[in-house]
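Asks: missing the sequence, but the structure's below:
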């Protein structure tokens, strides 16, 4: 058993006095390196009426509309608490090496929990900490700037709009993407019931303590841990949760939301993102950006004039790379099944394709140089053509999360980019994000946008207010006619 003082069961928000002990079950989070379990975590009870979730929502839904809870309603209080939270996140970066040797030790807890639970390397974790800090700081600045509009119509009326909190929102997240969702939800005055992935719960549990330290009441952020098919379904079905935001697979969530109270839904789903590399591209730059992640280029289209040169350089790159393990046995089996499918459908493996060692969930970096458009490895997410042909093949997938184009001809690059059906398009780079820039997909890669000002729109309801400024009896003949028919344009 492996544990960390900040991640012990006594500090687990799911096992505090607000969680009904009688409903607790436990699940073990596997360490993906040598594949042995970490400390057990409590799992929310899935049976209706979902006691863990109901207990949290019963107080939260009233707090949203109750002036006695000013921290939720007041933009200035939200902003102050958000800034204090961002200060706590700044402490993570202030650690000298991001692993706890500096003044706060929080980077060490973050790095330890993240590394243990899903196998990310130190360099990647440092980037995660920096981006998470940037994101929470960005949304802390929005907390007192959620404004409506005043519409001038005539001098007899005042019309304006308000952006009000939706209420209780459910968030179902993998890995570290909870900050993408927590930030805009809190900045707009909502309260959150959050379920981290059963494969990666530890970081969200630890980071919840920073939110509590910042001064948010305990009802504002609530974590429930457990499996997607039980706890996730309970969140998406619960009648007091008015919105659900998901980063995973969304079909079942949409079905549950539609069958119950027609929840507002935001989905950030997967992709099969292409990298398009033209003859005039900077090869070293294109190779450096051609990595696999949920939104990185898992399909690479290379123009014939540089294909052989690109392939020779690209297949050498894995020899110098270090890859962490897959997060779980389930994900390991899934990826290996796609590799086997590619082989069965006639694709050749030029690099990798096998397990590394006998312990943990390590897989060699894998390159299939000869593929056909309808092969499963080309069509489905794993986690000498003309431009028209390239665009057709790139768009010929159910997904549309991201794309990348590499060319020294900026006009050609932008022309192709504008024709691609993808929510994010990179030119001469890939997989770069910024907290102020929206992120999301076309087609089956999602609904709505994360990050930037666009994400704030996911968490407010717009109210239009019409105020009649005319004293009784002073209305015009037109207004009297309007009243007689019941409405006025």
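Replies: Looks like it arrived, so ask away. Bear in mind that the values here come from a model prediction, so they are computed numbers and not experimental data. Numbering: from 1, shown residues only.
Asks: CA atoms for contacts and neighbours, from now on please.
Replies: Noted.
Asks: in a strand, residue 315, correct?
Replies: No. For residue 315, which was evaluated using DSSP: H, G, I helix; E, B strand; the rest coil, the result is helix, with no strand membership.
Asks: hmm, it is touching residue 351, no?
Replies: Yes. Using CA atoms under 8 Å as the test, residue 315 is close enough to residue 351 to be in contact (6.5 Å).
Asks: tell me how far residue 334 lies from residue 363.
Replies: Per CA to CA, to the nearest Å, residue 334 is found 11 Å from residue 363.
Asks: got a list of what residue 421 touches?
Replies: With contact taken as CA atoms under 8 Å, 6 or more residues apart in numbering, residue 421 is in contact with 395, 400, 442.
Asks: ugh, wrong one, residue 454
Replies: Taking CA under 8 Å, 6+ apart as the criterion, residue 454 is in contact with residue 438.
Asks: look at it and give its secondary structure.
Replies: helix.
Asks: measure it to residue 142 for me?
Replies: When distances are taken as CA to CA, residue 454 and residue 142 turn out to be 12 Å apart.
Asks: can you give me the strands for the stretch 301-450 of the chain?
Replies: Per DSSP state E, counting those that start in this stretch, the stretch 301-450 of the chain has strands spanning 399-400, 402-406, 424-427, 442-443, 446-447. These are given in chain order.
Asks: straight-line length of stretch 349-369, end to end?
Replies: Taking CA to CA as the measure, stretch 349-369 stretches 7 Å from start to finish.
Asks: mind listing what's buried in that stretch?
Replies: Using 16 or more other CA atoms under 10 Å as the test for burial, stretch 349-369 gives 349, 351, 352, 353, 360, 361, 362, 363, 364, 365, 367, 368.
Asks: what stretches of the stretch 1-150 of the chain score poorly on pLDDT?
Replies: Along the stretch 1-150 of the chain, segments meeting pLDDT under 70 span 1-121.
Asks: tell me, how many residues neighbour residue 167?
Replies: Neighbouring residues of residue 167 were enumerated by other CA atoms under 10 Å; the total is 27.
Asks: tell me the confidence at the residue nearest to it when sequence neighbours are not counted?
Replies: The spatially closest residue to residue 167, leaving aside those adjacent along the chain, is residue 190, at 5.2 Å (CA to CA, 6 or more residues apart in numbering). For residue 190, the pLDDT comes out at 93.
Asks: so residue 190 makes contact with residue 459?
Replies: Yes. Contact criterion CA under 8 Å: residue 190 and residue 459 qualify, at 7.3 Å.
Asks: of those two, which one has the most company?
Replies: Set residue 190 next to residue 459 and count neighbours by other CA under 10 Å: residue 459 wins out with 29 against 25.
Asks: what residues are up against that one?
Replies: 165, 166, 184, 185, 188, 190.
Asks: recalculate using a threshold of 10 Å.
Replies: With contacts taken as CA atoms under 10 Å, 6 or more residues apart in numbering, residue 459 has the following neighbours: 163-169, 181, 184-190, 243-245, 264-266.
Asks: please consider this matter closed, and thank you.
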